[in-house]
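Enquirer: Provided below are the primary sequence and the corresponding predicted coordinates.
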Amino acid sequence: MSEVDFLIRQLKYCLNQGYSEASKKIVEQLILLKGKVSISHELKYICSSHENLFFKKYASSSIQYFIYFESCQHLVCGLCLNKYIRGVFDRMGIAYIYTCPGCNAVYSLNKTILDQAAEYFQRIVSLEEQQKAYDSYNLTLAEVRGSMLKKSTPCFFFENPGRQRCRGQSKVERIPSCKHNVCHNCLKRDLEVQIEVNSEYVCPVPDCCRPLAHSLIKEILTIGEDLTKKIWPHLSIDDIYLVTCPLEICNHQAQVPQNEFYYKCICGIELCPRCNLQYHPDYSCAVAKEGGKDYKKILCLEDDPILDYRSHFSHAVSLFEWDMHQGTKKKLQEKMGAKFKVTKVMFIYNPTLQERYNKGKKKIIDAGIDPGEIFVYHATSNDVYEKICTGGFLVGNVDVKQSIGKLCGLGVYTATDATMSINFYGNKKILLCKGLKGKQSDHPISDKHEFLTTDCNSYYKDFSGTQSDYWIFFQKENVLPFYYIEYE
């Protein structure tokens with residue numbers, strides 16, 4: 001493959017992925033090399049929320065299928081708007097503050113408020129439906145207020161309809177949505193009642209139905225109180241996590257900023273602020289919640305409802321397809337009749353192997369060497385895949401009898417792309433692994449004594465672009481099975 005062909009291939013990938021800066025640099029190189037590139041482009045409008053609501057992207061060349069919100073500059077298709085508004089309206093009614101689905105998809109702090117009188121809103125929920133819901137909401141609110149006033153102090157507010165104000169003695173908050181001044185004690189008392197009756201959080205002043213901002217509720221809560229533990233999981237607060245220590249003897253609570261990925265409790269336990277589980281730097285929160293200390297293979301789908309698993313599928317497919325040597329791929333397609341299309345991706349969850357891999361990585365770093373973590377491929381016979389996933393790799397002629405792979409001495413044999421491994425085992429299965437290059441040897445090691453005593457970590461066999469290259473790892477713990485892939 002010539003340098004121009006390689007750059008064209010990279011440019012195609014970067015353009016499809018939206019990597020504009022990388023695309024500009026590649027184009028500059030192509031101009032210097034006088035490469036000829038033809039690009040066809042069709043202007044398309046992309047829905048800002050479709051992937052969040054339907055787990056796939058939606059684009060169209062016609063703007064008529066979208067609603068444009070000028071304040072946030074989001075385009076939202078009619079299907080997303082209908083699903084969001086109708087879904088929320090059927091559950092929450094008219095007193096809910098509807099916001100742009102595009103803003104919701106990116107967790108924007110300044111969300112565009114939808115106009116309930118606008119044409120796009122009325123096409124989904126008519127004015128008659130809105131009026132009925134509003135009348136029903138007022139009736140329900142009156143019942144909640146009656147229950148609340150019975151449980152609260154009788155002289156909670158002055159009974160003057162024109163001038164109702166709180167008589168509490170604690171710090172007073174001004175509620176932005178209705179401009180009422182209410183003290184913290186009254187707000188907390190009212191919130192306790194609203195939790196019991198599953199009501200939306202609204203201003204505690206009688207006959208006022210304006211909603212309370214979740215950020216305001218956060219300000220009045222006290223860490224450690226029962227009310228905080230009850231209400232916090234139901235709040236939508238974008239900038240902060242409430243972390244609770246899972247140890248009963250501690251049970252300490254702390255607020256952790258959203259951009260923090262690690263929190264150490266006062267008792268010493270390390271926690272993940274996002275899921276409140278023990279810190280798991282090597283796994284996503286979704287995988288950690290599947291959890292346990294036992295090995296398992298987790299199926300990841302292209303349209304998986306869990307974002308982490310969907311990301312794993314895309315990651316595995318992109319590596320498998322991008323890393324293939326095109327010349328070898330064509331020969332294998334003719335030989336095997338394979339399309340090399342991924343049909344199954346399974347994430348390998350094995351805490352024991354992960355811990356062993358982390359220790360190997362730490363050992364290399366402590367020696368002052370860059371671990372050089374890379375993704376590599378390994379194919380084997382059908383009965384061996386499960387053994388590797390559960391117990392890890394073994395070194396041929398050291399831990400187990402070696403039948404294939406003696407050209408480059410002893411070690412765990414892997415390849416930089418899938419075609420090299422498929423050359424040996426074309427059973428339409430393959431492992432995508434993580435490997436630690438560490439200190440590289442300048443020669444393969446065939447002598448067993450030298451192999452067991454060397455301070456090197458790997459050997460690289462360069463085939464100068466004629467086919468994929470070998471990485472032979474000398475320590476079995478430095479190779480971690482990460483994805484199990486099946487293809488057709």
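Expert: Received the coordinates, thanks.
Enquirer: strands of the stretch 51-200 of the chain, start to end?
Expert: For the stretch 51-200 of the chain, the strands defined by DSSP state E, counting those that start in this stretch cover 59-60, 66-69, 74-77, 172-174, 181-183.
Enquirer: what residues sit buried inside the strand or helix carrying I348?
Expert: According to DSSP states H and E, I348 maps onto strand 342-349. When neighbours are counted by 16 or more other CB atoms under 10 Å, the buried residues of strand 342-349 are found to be V342, V345, M346, F347, I348, Y349. Every C-beta, even on glycine, is put in place using the N, C-alpha and C of the backbone.
Enquirer: how near is the fifth one to C389?
Expert: In this structure, I348 lies at 5 Å from C389, with CB to CB, to the nearest Å as the measure.
Enquirer: which neighbours do these two have in common?
Expert: With contacts defined as CB atoms under 8 Å, 6 or more residues apart in numbering, the residues shared by I348 and C389 are Y295, K297, P481, Y484.
Enquirer: for those residues, which one is nearest V125?
Expert: Within the shared contacts of I348 and C389, the smallest distance to V125 is 44.9 Å, found for K297 (CB to CB).
Enquirer: in terms of pLDDT, where does that closest one sit?
Expert: For K297, the model assigns a pLDDT of 85.
Enquirer: coming back round to it: now the shared contacts of I348 and C389 as TSV including distance to N104?
Expert: Converted to TSV, the shared contacts of I348 and C389 look like this (distance: CB to CB, whole Å):
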residue	distance to N104
Y295	37
K297	33
P481	37
Y484	35
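Enquirer: so how do I select the buried members of those residues in PyMOL?
Expert: PyMOL command restricting the shared contacts of I348 and C389 to the buried ones, with burial defined by 16+ other CB under 10 Å:
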select buried, resi 297+481+484
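Enquirer: could you identify the most distant pair in the shared contacts of I348 and C389?
Expert: Taking CB to CB as the measure, these have their most distant pair in Y295 and Y484, spaced 11.9 Å apart.
Enquirer: intersection of neighbour lists for these two?
Expert: Where contact means CB under 8 Å, 6+ apart, the residues bridging Y295 and Y484 through contact with each are I348, C389.
Enquirer: got the buried residues of strand 342-349 as JSON lines, with pLDDT and distance to V400 columns?
Expert: Compiled in JSON lines, the buried residues of strand 342-349 are given as follows (pLDDT from 0 to 100; distance: CB to CB, whole Å):
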{"residue": "V342", "pLDDT": "90", "distance to V400": "29"}
{"residue": "V345", "pLDDT": "92", "distance to V400": "27"}
{"residue": "M346", "pLDDT": "91", "distance to V400": "24"}
{"residue": "F347", "pLDDT": "89", "distance to V400": "26"}
{"residue": "I348", "pLDDT": "88", "distance to V400": "20"}
{"residue": "Y349", "pLDDT": "85", "distance to V400": "24"}
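Enquirer: and those, which is closest to Y262?
Expert: Relative to Y262, the closest of the buried residues of strand 342-349 is Y349; by CB to CB it sits at 20.4 Å.
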